[in-house]
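Engineer: Sequence first, then the predicted structure:
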Amino acid sequence: MAVAVIRRGDTVLASIQSDLSDGEVLALRAELLERVGRHRLRGIVIDVAALDVIDSFTARALRDIAISARLRGAETIVVSIQPEVAIAMVHFRLDLHPLRTALDLDEALDRLEGSATGG
């Protein structure tokens, strides 16, 4: 799979390195949710900077990760959405609610640390 997954404390960072097939998207979802339980994670950050397109299937999978992780006690934040990708997502009215986004990894980690401390 073209995704680097690194654990940092109680957060896992998943950096997508290239476009993913539908099967790889499902495998990523399963792996991240399994790690939430195994490591008692409090946060998931998914870096999508390498994606030229976020189609409806991938958008739905990201939402599913966020909802499922939230039910297990972890927040999910997607970072580094390219401007063209964001414009296309708005144009096609892809619904990411309740998925949270941040400009970059630093902002995402700050938000997760703020959530953990009640800030």
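Structural biologist: Nice, thanks for sending it over. Predicted model, so just to flag it, every value in this text is computed and none were measured.
Engineer: avg pLDDT for the top helix by length along the chain?
Structural biologist: Counting residues, the longest helix in the chain under DSSP state H turns out to be helix 22-39. For helix 22-39, the mean pLDDT works out to 96.
Engineer: ok, residues contacting stretch 104-115?
Structural biologist: Residues outside stretch 104-115 that contact it (Cβ atoms under 8 Å, 6 or more residues apart in numbering): 11, 13, 42-43, 45, 47, 75, 77, 79-80, 100, 102, 119. C-beta: built from backbone N, CA, C; applies to glycine.
Engineer: Of those, which belong to strands?
Structural biologist: Residues of the contacts of stretch 104-115 located in strands (DSSP state E): T11, L13, G43, V45, D47, E75, I77, V79, R100, A102.
Engineer: okay if I get these as JSON lines plus neighbour count, pLDDT and distance to L62?
Structural biologist: Putting the ones in strands among the contacts of stretch 104-115 into JSON lines (neighbours: other Cβ atoms under 10 Å; pLDDT from 0 to 100; distance: Cβ to Cβ, whole Å) gives the following:
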{"residue": "T11", "neighbour count": "21", "pLDDT": "97", "distance to L62": "17"}
{"residue": "L13", "neighbour count": "18", "pLDDT": "97", "distance to L62": "15"}
{"residue": "G43", "neighbour count": "24", "pLDDT": "97", "distance to L62": "15"}
{"residue": "V45", "neighbour count": "25", "pLDDT": "98", "distance to L62": "12"}
{"residue": "D47", "neighbour count": "21", "pLDDT": "98", "distance to L62": "12"}
{"residue": "E75", "neighbour count": "20", "pLDDT": "96", "distance to L62": "13"}
{"residue": "I77", "neighbour count": "22", "pLDDT": "97", "distance to L62": "10"}
{"residue": "V79", "neighbour count": "21", "pLDDT": "98", "distance to L62": "12"}
{"residue": "R100", "neighbour count": "16", "pLDDT": "95", "distance to L62": "11"}
{"residue": "A102", "neighbour count": "18", "pLDDT": "97", "distance to L62": "13"}
